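*Asks:* only geometry, no sequence info:
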């Protein structure tokens, strides 16, 4: 149950942040917070990460949906065993974030991104993220480092 709450919380939190940005912010508006280290700005991403395949939105939706389905099946199978809490937490974060971004793609035709980092690296400064992106990244990190033995061969 707690893992479902994590996924639902990520989805709901990002849903309301995106709703706020869509309703309250103009595309050109920029607000620096945390001493200028974080910049709030609205951006519509019509592709996958970094606008990859923005000219193929149906393919992006299909691939996103397929990945989300595969993760959901893995997640539900692991929930029954509850053997690896790190992997389950990672899957929950990734599922909540992936579902939120897929919801955007289906309902809006684009994903609402709304913050970027101010860093010494110009390329990184140009990338705009949302909460779901961060949860997907963190979830993948947890899956990789908690699940090293997840797919390892285990002779009987």
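*Replies:* Perfect, thanks for sending it. Not measured: the values here are computed from a predicted model.

*Asks:* what's the neighbour count on residue 62?
*Replies:* 11 (other CB atoms under 10 Å). C-beta here means a position set from N, CA and C on the backbone, and glycine is covered the same way.

*Asks:* and for the one 4 residues further on?
*Replies:* Per other CB under 10 Å, the neighbour tally for residue 66 reads 10.

*Asks:* measure it to residue 102 for me?
*Replies:* Distance, residue 66 to residue 102, by CB to CB, to the nearest Å: 10 Å.

*Asks:* cool, residue 50 as well?
*Replies:* Taking CB to CB, one finds residue 50 at 17 Å from residue 102.

*Asks:* out of these two, which sits in the busier spot?
*Replies:* Set side by side, residue 50 and residue 102 show more neighbours around residue 102, with 18 against 12, by other CB under 10 Å.

*Asks:* isn't the more buried one right up against residue 68?
*Replies:* Yes: in this structure, residue 102 is within contact of residue 68 by CB atoms under 8 Å, at 5.8 Å.

*Asks:* how far away is residue 24 from residue 101?
*Replies:* Using CB to CB, residue 24 is found at 20 Å from residue 101.

*Asks:* for these two, indicate the residue with more neighbours.
*Replies:* residue 101 (26 against 9).

*Asks:* after the helix or strand hosting the more buried one, heading C-terminal, what element do we hit next?
*Replies:* For residue 101, the host element (DSSP states H and E) is helix 85-107. Next in sequence after helix 85-107, counting helices and strands by DSSP H and E, comes strand 111-117.
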